[in-house]
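>>> Sequence first, then the predicted structure, then my questions.
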Amino acid sequence: MGELNRHAELARLESIEQSCIGRFFVALGAMDTQRMQLEELIKKRDPGPAIHRLPVELLVLIFRFTIVCPYYAGTYKLDIEIGYRRRSLAIVSRRWRDVILDTPILWQDICLASPQDRHTLVLQLKRSQGLLLDVTITNKLADYSTTDELLHHLRPTTNRWRSLHICDSDSYPSTNSIIHELSKLEFPSLVDIHAEMYPLDLEYLGLQNLLPRASALKHLKFEELSPADDFLIANPLETLELTFASDDMPQWILSRIPNFSLITLCLQGDAYDWVLEPNSIHFPLLEKLALDIPDPDQFLEAISAPKLQRLELTAYGCQWEAFSRSRSKFSTVYHLILDFGGSIPVDPLALCWVFPNTHHAEFIYMADLLSLIVPMSSPGNPSGSQTPADNWASLETLSVLNSAWDLNHMEEFNLLVQWLQIRHGLGFPKLHIKFKGNSQNPEDLSTICRKLQDCCILEHCLSLSFGQYYTMAGKRSEEVFRIW
């Protein structure tokens, strides 16, 4: 009896096995059918623009760039356009609207400007969700009562301010009153202040009192500055940019800036009466220096900056020979930006000796560059002449920022090509060349590109002017794009 039961049980299990195997193959077939149908549906469906399929993180980066980055200092567009851009993006689709409304970093930029109501400001502060704020005050605040009401809501947030940008070319009373009110508050997170006003009187506006209240301040930029005798910056700044108004830049200003913490220093203004002793000003951490002052060679003689790497220099008639013998002083400078105003330096050879390890050289005008690549007499050279730029044995990149090539400039261009060919023939590696500017004639531009490609590595070469490109777009667009 037991044996019969076991045979019956085995038969039952085998039946279940066959049933399961059958259902398994049926399921496989159904899966294949569903997969093929789904693929057909996907092929037939219109995927729409690729931007609608972007991940949220990438979409936020694009929005951030679109909303904030088109702002240019001095144009006062931020207060009007930033809200307009945000609204324009939000109405494209429900997804974009949700992303903008739910992303705090798209609401960090706060502007005090008219027309602006209390509700808009409160909403921005709420949507920023406690993130650090970038605040701009513009000269459009003509209504003091509105300004005072907006300040009422901003005062509790000063602990979140990351940057403060003040734009006022007319010194509106409302702007002045705001700064006076701000000078009574504390800004523990403020790292960046940029003030462009005319005139920028720190004592009158109260900015002198605001600086000590920004304990974390690292970057300071003053434009059209008219300093009082008590001007003093006690903050350990990393970046300082000072542009002085029509008044002369006083020499005592150098003793009022934090030399021992600065990494970047930019000075622009008149300094005709300065008398500086050699190596009398020490910048132990300075890496970038920009000078637009009369006789900058005297300032360069006076500074000691062992870590200086980048120098931007507006130099009209500098006497380089006076300190070119001390070639080790600026041996760390590898990035040099020069503006001679189209005039020839007094001593191009001495200039190149002052900065012997230049790797990247940028010139504002083509004439500035030509003065360094044309051979000149050299008393210490047995051959009687020497090309100044050949002293830059480590040169890698050469740029001209304002170029305009046409038939009238081809002779100058041929001098450059000739120098590049000779330099390459002497065993120097090919230079990376960048030309920025416009060309009125596509034939000239094509010729320039062909010649340069044989003797250098051309990274960027001009572009056609808008009018010329527009005229030729229908006729020879293929050739134009090939030239680019």
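Ah, there it is.

>>> Phi first, then psi, for His424.
Dihedral pair for His424: phi -70, psi -40, per degrees, to the nearest 10.

>>> Share the number of residues neighbouring it, please.
15 (other C-beta atoms under 10 Å). The C-beta positions use only the backbone N, C-alpha and C, and glycine is treated the same way.

>>> Equivalent analysis for Leu276, please.
Using other C-beta under 10 Å, Leu276 has 17 other residues around it.

>>> Not counting its neighbours along the chain, what's nearest it?
Counting by C-beta to C-beta, 6 or more residues apart in numbering, Leu276 lies nearest to Ala302, which is 3.7 Å off, once chain neighbours are set aside.

>>> residue contacts, that neighbour?
By C-beta atoms under 8 Å, 6 or more residues apart in numbering, the contact list for Ala302 reads Leu276, Glu277, Pro278, Asn279, Ser280, Ile281.

>>> Tell me what Ile337 is bridged to.
Glu312, Glu362 (DSSP bridges).

>>> Might one say that it is in contact with Thr314?
No: using C-beta atoms under 8 Å, Ile337 makes no contact with Thr314, being 9.3 Å away.

>>> now the closest residue to Phe187 other than its chain neighbours: how far from Val191?
Excluding its sequence neighbours, the residue lying closest to Phe187 (C-beta to C-beta, 6+ apart) is Ala214, at 4.4 Å. Remark: distance between Ala214 and Val191 (C-beta to C-beta, to the nearest Å) = 8 Å.

>>> do Leu150 as well
23 Å.

>>> who's more crowded, the two?
The neighbour comparison of Leu150 against Val191 (other C-beta under 10 Å) goes to Leu150, with 25 against 19.

>>> can you pull the pLDDT of the more buried one?
Leu150 carries a pLDDT value of 73.

>>> Let me know the helix or strand that it is in.
Element membership for Leu150, per DSSP states H and E: helix 144-154.

>>> which residues sit against stretch 92-111?
By C-beta under 8 Å, 6+ apart, stretch 92-111 touches 52, 56, 59-60, 63-64, 67-68, 78-79, 82-83, 86, 89-91, 121, 124-125, 127-138, 154, 162.

>>> residue contacts, Cys352?
Thr358, Leu372, Pro388, Ala389, Asn391, Trp392.

>>> one more time with 7 Å
Cys352 makes contacts with Leu372, Pro388, Ala389, Asn391, Trp392, as judged by C-beta atoms under 7 Å, 6 or more residues apart in numbering.

>>> if I pick the first one, what's in contact with it?
With contacts taken as C-beta under 7 Å, 6+ apart, Leu372 has the following neighbours: Pro348, Cys352, Pro388, Ala389.

>>> I figured the last one hits Ile373, correct?
Yes: taking contact to mean C-beta atoms under 7 Å, the distance of 5.1 Å between Ala389 and Ile373 places them in contact.

>>> Could you check which of these two has the larger neighbour count?
Ala389 (22 against 19).

>>> Mind pulling up the pLDDT for the more buried one?
In this model, Ala389 carries a pLDDT of 88.

>>> for Leu4, same thing?
73.

>>> tally of neighbours for it?
Residues near Leu4, counting by other C-beta under 10 Å, number 8.

>>> Look up how far Pro156 lies from it.
Distance from Leu4 to Pro156, by C-beta to C-beta: 90 Å.

>>> Leu38 too?
Taking C-beta to C-beta, one finds Leu38 at 55 Å from Pro156.

>>> now do Leu131
Per C-beta to C-beta, Leu131 is found 15 Å from Pro156.

>>> Now Leu38: which helix or strand?
helix 2-44.

>>> Sketch out the low-pLDDT regions of the stretch 51-200 of the chain for me.
For the stretch 51-200 of the chain, applying pLDDT under 70 flags the ranges 69-81, 113-117, 139-148, 169-174, 199-200.

>>> And the helices in it, which stretches?
Using DSSP state H, counting those that start in this stretch, the helices of the stretch 51-200 of the chain run over 56-68, 78-90, 94-101, 118-127, 144-154, 173-182.

>>> Can you say which of the ones you listed is packed in most?
helix 173-182 (a mean of 19; mean count of other C-beta atoms under 10 Å).

>>> Mind giving me the packing neighbours of that helix?
helix 144-154 (3 or more C-beta pairs under 7 Å, 6 or more residues apart in numbering; DSSP states H and E).

>>> that older thread, so which of the contacts of Ala302 sit within strands?
Ile281 (DSSP state E).

>>> Now list the buried members of the contacts of Ala302.
Among these, the ones that count as buried by 16 or more other C-beta atoms under 10 Å are Leu276, Ile281.

>>> follow-up on the earlier one: let me have the contacts of Cys352 in a markdown table, adding secondary structure and distance to Leu265 as columns.
What follows is those, written out as a markdown table (DSSP: H, G, I helix; E, B strand; the rest coil; distance: C-beta to C-beta, whole Å):
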| residue | secondary structure | distance to Leu265 |
| --- | --- | --- |
| Leu372 | helix | 25 |
| Pro388 | helix | 27 |
| Ala389 | helix | 27 |
| Asn391 | helix | 27 |
| Trp392 | coil | 24 |
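
>>> which among these gets closest to Asn235?
Trp392 (37.5 Å; C-beta to C-beta).
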